[in-house]
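1. Can you look at this prediction? I've put the sequence above it.
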Amino acid sequence: MRGPRPTTLRAVFEECQKGHQNTTKLLAALKNIHATYPNPDQFRAEFIHYLKHSLVVFRREPAVERTLEFVAKFAGSFATDGGSGSDEEKENTGGNRKFHMDLFDFLLKSHNANSQAVRFRACQLVNKMLNALGEDAEVDDDLYDRIFECMLMRLRDKIPAIRVQAVLALTRLQDPSDQSCAVITAYLYLLGCDPNPDVRRAILSCIAPSTHTLGGVLQRTRDVNQSVRVMAFKVLAEKFHIRALTIAQRLQVLQQGLNDRTEAVREVCGTKLLQSWLRLFEGNILDLLGCLDVETTCGTDEDTATGKTTGEETIETAVMSMFKQTPTDELISNFDLLGESHVIPLDSLTCESALYWRCLCQYVKSLGTDGEEYLDRLLPNLTALCDYVQSHLQTLPSVEGGLDMTSAVDDHLRKEFVAQQLMMILGIPDLTDEVGRKRLRSLVHDMLLSDNMTRPLLKLLILRYCSVQTDQEARIRELVEVIADIREPITVLETSLSQEQLRQKELKLASIRVKLNEAREEMDQLVAVQEFQKAAEMKGRVEELELNKSDLMEKMQPQTQEVRTEKNDSVTLLRCLTIAAEMLQTLTLKGLTPTLRTLVDSLMLTGIQSEDPAVRNMAVRCLGLTAVLCKDTAVQYLPLFLQASQVDLEAIQVTALRTVFDLLLIFGLKAFGAENSEQQNQSGEGEGETEEPQQATPNNTANSLLSILTGMLDSENTDIRTNAAEGLAKLMMSGRVLSGKLLSRLLLLWYNPTTEDDTHLRHCLGTFFPMFAFSGRSSQECVEEAFLPTLQTLLDAPDTSPLATVDVGNVGSLLTTLTSRSNMRQFCVEKTGKPDLPRDMEDYSAHDNLALKLCNEVLKDTYSPDVRMFCKILGNLEPTAASTAHLKDLYVLSQQITQEVDDRMSLRSVEQFQKTLCELCPGLTGDSQENTSQTEQQKESSTEQQASTEQQETTVEGNTEDAQGKKGKSTAAKRKTATKTPGKTSARRGKKKAEWESDSDADAEASVSESPAPAARARSTRKAAARTRVNLQDLLTDSGSDASIDDSHIVPKRSTRRTLRS
């Protein structure tokens, strides 16, 4: 049974909290109540009185949310009432609009209240009231400006929830057509700078799509927060057309979304973004692939070597993702490009159709036995497929001929891409058919000898050849024969006689002919006279002359001869080296066969001496792949690789450098005469030290080799520096080299601002440090060894060095994290699922040793500006209770620090460290108090003795001998030096404190301006790094917006009415 309709404002506010079922009736009842009030101001005051009860609640209570929703609808109903009708109705409408304006006025005055609940609810209600207006609603210009200014101020609120509501409230005030819109400018600023993910996600949900905002949305696809990345992909799918993005941006978005580390992001990219793009092309995947420009997205060999995801792999992943969302029967039935022979006609074969055909065949084959039936409908038998592929490969232009026109280059790229897809399709059918396998082998052999095969095609041909020839030695022999046929092809030479020789032969031939005629006549005469015996002899003479005649006529003809001619041009050498390199990559031999040794001498060394950089680069790569198979070959050619890594072109240097690191990783430094190099710690410095000439030893060989490699960390070339850092990190990770100095060099390189743009280097080292540090005790000792030298290098860096801008505290925090046992235990849990530390870590803690070193470092010079940083690190350490004596020593040192250091921030950190020590060993406090009292008693007794001695010395008579006076003075001076005067010490501390602690800040590192350099360690004055912080108000002012956050700024006049964005 329904209750009676409420007749008072209080009853309405109580009823609206219960649910949304009777909202319409409550709105009608509230309007009736409003009509009964003779004075609108009285209704407004009472209405706001009851509304305030909801504004003071910060929690998202359902009752409060329903109340605010009801209030927004009620206020919106006044704003949307039409103005048509009688004069009395128009007058009432004006009064209603006044109520709407007064409610806005109350909320905008409350937006900067001290209560965070009031600020939150005020922004929320403003947002709801704006959303309650119609799509084409308009607001007064003054109200627009006030909402604009107040909400911009709330964008800087310290409470994230309030900033979220302010973002939502400004949604309808955007103007995407205005490039200098202040709201969009503020959105983009917060999108990149706000630390709260809820704020960034709210901005993405309400930002207007435009070319100006597209860049900010694309950046959020790489956000650190998963929910923000999900929202960014949803916004791209719902608000932006695919043609608004460039081809590079499309591929980048797909690569990041489909390869994201979280399943939610991969799912939203595959189900929402790809499907929305597919709907734009009415479900035609080939048209979608055309927008991704598949023929120009193939990765280079450099991308393949470094493990980078190529555009082709990204597109393949996207196509496979779309296949998974469609039934297989539907996929096969919709693929109507195949002819009766189960192949696509060559005249209709395009890059998109070839890629789609290949992906579909691979997807069906991945289904296993369930896809065998479908695969028969997609592919012909292997023999027919080989004939089809060969017919297309024959249309490729010759590589040696060259391409002149742009259209010819584009056509060649398209045909080459299609050829690559067809070569991949050749690897899908089953090779159990003997006839098909022989046909595939013949096809590969013929195509390897063809001169229109590029390097990508040669790589695929070698892979297909490996599938039909599994015997490695036979494969080597056959491919080396192919290389020999390419480099030394069979040619036919035609030799002809000179004119003089030809004339002599003709004269001789004429003479033979005359003699032949005479012999025939004589033979006839003998037959006529029946002298048959002589006729038989003459017949033999005739036959001899005819034989001489035929031999002479044959010699007069041009002679042909088949010979092998060696070709050493760049194109031929590059083809041969490419085949050799791809062949060597497929081998798993443990040594070199005689055929390979011959190939090294005849081809690879010849290629290294070539003038063409591409040939030399490929020759170095081939020789490196050969050296990997044989230790003796690696030792023989290592000097050659080192020389090439230093003096040749940059691309060849990178190849040689990678080869050197591969050899060191496989065979170790011992193989190259560097025994026990794993324990050498002298290899970290790139600068060589001047030493006495001595006999070469294995250790010196290791140091020299690693000094060359570490010196490349200072190379100006980004590729060389990156590969050197990556190789050294691999050596340390594999245990081939353990060096604290080398680890310090890598840390400094990672933090160096000059490597900020080298993403691959930063990612590689960022992954290496935790993996290496938590791998075992030896790695922990290495990090411990690099701890203080790394910090000292940064602290001693001159102002002109890029390292002077590095945050030393952040480096110390990283090293503290890398040496923490708790972090190591967490790493073990993530890796093995068990929190057990390695056995060699049970009785070892790097923090125990570091605490002792840091305490001694602080006590060296307690007035150094670096004391605060060292004390802060000391407070973050996690010592263990393994040794009570060690804890007592640390506590005594910390007590000395508290007595010597006056900086409050430093003392606070030391007190935190002492608290940690006391928790590990509760008896430390009592022992320390006893030690402190004994020390004070000793100091007091020594002070009293000194005072009495000085008094006795002052009462000595004047006739004392000069020698005795001098002796007394020297004794007193020694005693004064040995015992410090408390008064003088505190005065000196106060003076020092006034010098270097005058400008100290609780949130910044203490800096020394004019303090004298300490005697223990000379250190240059460090300057704080200048960091630019963008003020939102300045940003909006510079953007050209008329609105200002400052209330004192005069807002220029706008139009009388502003249209809200729907």
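-> Looks like it came in fine. Residues are numbered from 1 along each chain as shown.
2. could you pull out the helices for the stretch 551-700 of the chain?
-> Taking DSSP state H, counting those that start in this stretch to define them, one finds helices in the stretch 551-700 of the chain at 570-585, 594-599, 605-608, 613-629, 631-647, 650-667, 698-711.
3. Name the spans of the stretch 751-900 of the chain whose pLDDT lies under the cut-off.
-> 840 (pLDDT under 70).
4. Which elements pack onto the host helix or strand of Q42?
-> Using DSSP states H and E, Q42 falls within helix 40-55. If contacts are counted by 3 or more CB pairs under 8 Å, 6 or more residues apart in numbering; DSSP states H and E, helix 40-55 sits against helix 9-15, helix 23-36, helix 62-80, helix 87-109, helix 116-132. (Each C-beta comes from the backbone N, C-alpha and C, glycine too.)
5. I'd like the average pLDDT over the first one.
-> In this case it means helix 9-15. Helix 9-15 shows an average pLDDT of 86 in the prediction.
6. what's it packed up against?
-> With contacts defined as 3+ CB pairs under 8 Å, 6+ apart, helix 9-15 has these neighbours: helix 23-36, helix 40-55.
7. out of these, which comes closest to E756?
-> helix 40-55 (47.0 Å; CB to CB).
8. now the closest one against helix 116-132, angle please.
-> 120 degrees (axes from the mean of the first three to the mean of the last three CA atoms, to 10 degrees).
9. Distance check, the residue located most distally from the centre of the chain against E537.
-> For the chain, the residue at maximal distance from the C-alpha centroid (CA atoms, centre = their mean) is V529, at 109.7 Å. Relative to E537, V529 is positioned 14 Å away (CB to CB, to the nearest Å).
10. And for T369?
-> 87 Å.
11. my guess is V480 meets L599, correct?
-> Yes - using CB atoms under 8 Å, V480 is in contact with L599, at 5.9 Å.
12. what stretches of this structure score poorly on pLDDT?
-> Using pLDDT under 70, the chain drops low at 1-5, 20-21, 79-96, 298-309, 399-407, 492-495, 559-563, 673-700, 840, 924-1062.
13. And the strands in it, which stretches?
-> With strands called from DSSP state E, the chain shows them at 138-140, 490-495, 559-564, 1057-1059.
14. Let me have the helices and strands packed on helix 40-55 in TSV, extended by mean neighbour count and distance to P798.
-> Shown next, in TSV, are those (neighbours: other CB atoms under 10 Å; distance: least, CB to CB, whole Å):
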stretch	mean neighbour count	distance to P798
helix 9-15	17	70
helix 23-36	16	71
helix 62-80	19	60
helix 87-109	16	54
helix 116-132	23	47
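15. closest one to T655 among these?
-> From the helices and strands packed on helix 40-55, taking CB to CB, the stretch that ends up closest is helix 116-132, at 59.8 Å.
16. so how far is the closest one off the chain centroid?
-> With CA atoms, centre = their mean, to the nearest Å as the basis, helix 116-132 stands 41 Å off its chain's centre.
17. Now tell me what touches it from outside.
-> Contacts with helix 116-132, where a contact means CB atoms under 8 Å, 6 or more residues apart in numbering, come from 54-58, 64, 68-69, 71-73, 75-76, 79, 100, 103-104, 107-108, 110-113, 147, 151, 154, 157, 159, 161-162, 165-166, 168-169, 171-172, 1060.
18. so it versus helix 62-80, what angle?
-> Going by the same axes, to 10 degrees, helix 116-132 makes 40 degrees with helix 62-80.
19. Using CSV, list the CA coordinates for helix 116-132.
-> The C-alpha trace of helix 116-132 is given here as CSV (Å, rounded to 0.1, in the frame of the first residue of the first chain):
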residue,chain,number,x,y,z
GLN,A,116,36.7,18.2,2.5
ALA,A,117,33.2,16.7,2.6
VAL,A,118,31.6,20.0,1.6
ARG,A,119,34.1,20.6,-1.2
PHE,A,120,33.5,17.1,-2.5
ARG,A,121,29.7,17.3,-2.4
ALA,A,122,29.6,20.8,-3.8
CYS,A,123,31.6,19.7,-6.9
GLN,A,124,29.6,16.6,-7.2
LEU,A,125,26.3,18.4,-7.1
VAL,A,126,27.5,21.0,-9.6
ASN,A,127,28.4,18.1,-11.9
LYS,A,128,25.0,16.5,-11.5
MET,A,129,23.1,19.7,-12.0
LEU,A,130,25.0,20.4,-15.3
ASN,A,131,24.3,16.9,-16.5
ALA,A,132,20.6,17.2,-15.6
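20. Numbering from 705 from now on, please.
-> New numbering, starting at 705: the last item is helix 820-836.
21. Which segments of this protein make up each domain?
-> Structurally, the chain divides into domains by automatic domain parsing as follows: 1030-1172, 1177-1200+1270-1358, 1202-1261.
22. As TSV, these with distance to T1021 would be great.
-> Below are the domains of the chain laid out as TSV (distance: least, CB to CB, whole Å):
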stretch	distance to T1021
domain 1030-1172	10
domain 1177-1200+1270-1358	24
domain 1202-1261	66
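23. got a list of what M1475 touches?
-> With the criterion set at CB under 8 Å, 6+ apart, M1475 makes contact with M1437.
24. Next one: it from G1513, what distance?
-> M1475 is 24 Å from G1513, by CB to CB.
25. likewise P1031?
-> 58 Å.
26. Just want to know which of the two has more residues nearby.
-> Under the criterion of other CB atoms under 10 Å, the comparison of P1031 against G1513 puts G1513 first, with 15 against 9.
27. Mind jotting down where the helices sit in the stretch 1405-1554 of the chain?
-> Under DSSP H, counting those that start in this stretch, the stretch 1405-1554 of the chain gives helices at 1422-1437, 1444-1455, 1463-1477, 1481-1499, 1512-1522, 1525-1536, 1550-1564.
28. can you count the residues close to R933?
-> 26.
29. what's the answer for K938, then?
-> When neighbours are defined as other CB under 10 Å, K938 has 17 of them.
30. which residues sit in contact with it?
-> Neighbours of K938 in contact, by CB under 8 Å, 6+ apart: 972, 976.
31. Please apply the same query to the one 10 residues further on.
-> The contact partners of A948, taken as CB under 8 Å, 6+ apart, are 913, 915, 918.
32. chain center to the helix holding Q746: distance?
-> For helix 744-759, the distance to the chain centre is 56 Å (CA atoms, centre = their mean).
33. contact partners of that helix?
-> With contact meaning CB under 8 Å, 6+ apart, helix 744-759 is reached by 713-714, 717, 737-738, 741, 768, 771-772, 775, 799, 802-803, 806-807, 810, 814, 821-822, 825-826, 829.
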